[in-house]
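In: Kindly return the folded structure for what I paste below:
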Amino acid sequence: MFQHDNRLGISIPVLPREWTDYPLEEQEQIMHIWETIRGMIPDRIQELEKSINEKQTALNNEENFIVSCRLNTEISELASVINDLWLWFRTVPDVNSSDSPQKRHS
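Out: Numbers count the residues shown, from 1 in each chain. Below is the predicted model of the structure:
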């Protein structure tokens, strides 16, 4: 039901069926697992923000254009990951709802 996403650093739901096709008990089990994973997202974001800050400090002191471009690219990618993590953090499915955990954002 969940697959680790290396880019995001968390497991995300991968549901082969529609949310409503899962029995209520299974929906509740999926929700419990998701809430545990979801609770780790702010810590993951904090780790990435720390890395961005370190790269920005390095960028401020970098004189080599090629290295500056690489650092900018790395910072952009980390910012993109943070954005995606916030989207996943706001994903909260309703038990016994037609909304899939992969579709609904609060």
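
In: Quick check on Glu63: phi, psi?
Out: phi -110, psi -20 (degrees, to the nearest 10).

In: Could you do His4 as well?
Out: Dihedral angles (degrees, to the nearest 10) for His4: phi -70, psi 130.

In: Next, count neighbours for it.
Out: 10 (other C-beta atoms under 10 Å). To be clear about C-beta, it is placed using only N, CA and C from the backbone, and glycine gets the same treatment.

In: ok, now which ones touch it?
Out: Ile10, Ser11 (C-beta atoms under 8 Å, 6 or more residues apart in numbering).

In: what about the residue nearest to the spatial centre of the chain, distance to Glu28?
Out: Compute the mean C-alpha point of the chain, and by C-alpha atoms, centre = their mean the closest residue is Leu85, 2.7 Å away. Distance of Leu85 to Glu28, given as C-beta to C-beta, to the nearest Å: 24 Å.

In: likewise Thr91?
Out: 16 Å.

In: between those two, who's got more neighbours?
Out: Thr91 (20 against 13).

In: Check the secondary structure at that one for me.
Out: coil (DSSP: H, G, I helix; E, B strand; the rest coil).

In: any weak-confidence spans in the protein?
Out: For the chain, the stretches flagged by pLDDT under 70 are 94-106.

In: pretty sure the residue nearest to the centre of the chain contacts Arg7?
Out: No. Leu85 lies out of contact with Arg7 (C-beta atoms under 8 Å); the separation is 9.9 Å.

In: Show me which helix runs longest in the protein.
Out: Ranked by residue count and defined by DSSP state H, the top helix of the chain is helix 24-60.

In: now for that one, which elements pack on it?
Out: strand 2-5, strand 10-13, helix 65-89 (3 or more C-beta pairs under 8 Å, 6 or more residues apart in numbering; DSSP states H and E).

In: residue furthest from the geometric center of the protein?
Out: Farthest-from-centroid check, the chain (C-alpha atoms, centre = their mean): Glu63, 33.0 Å.
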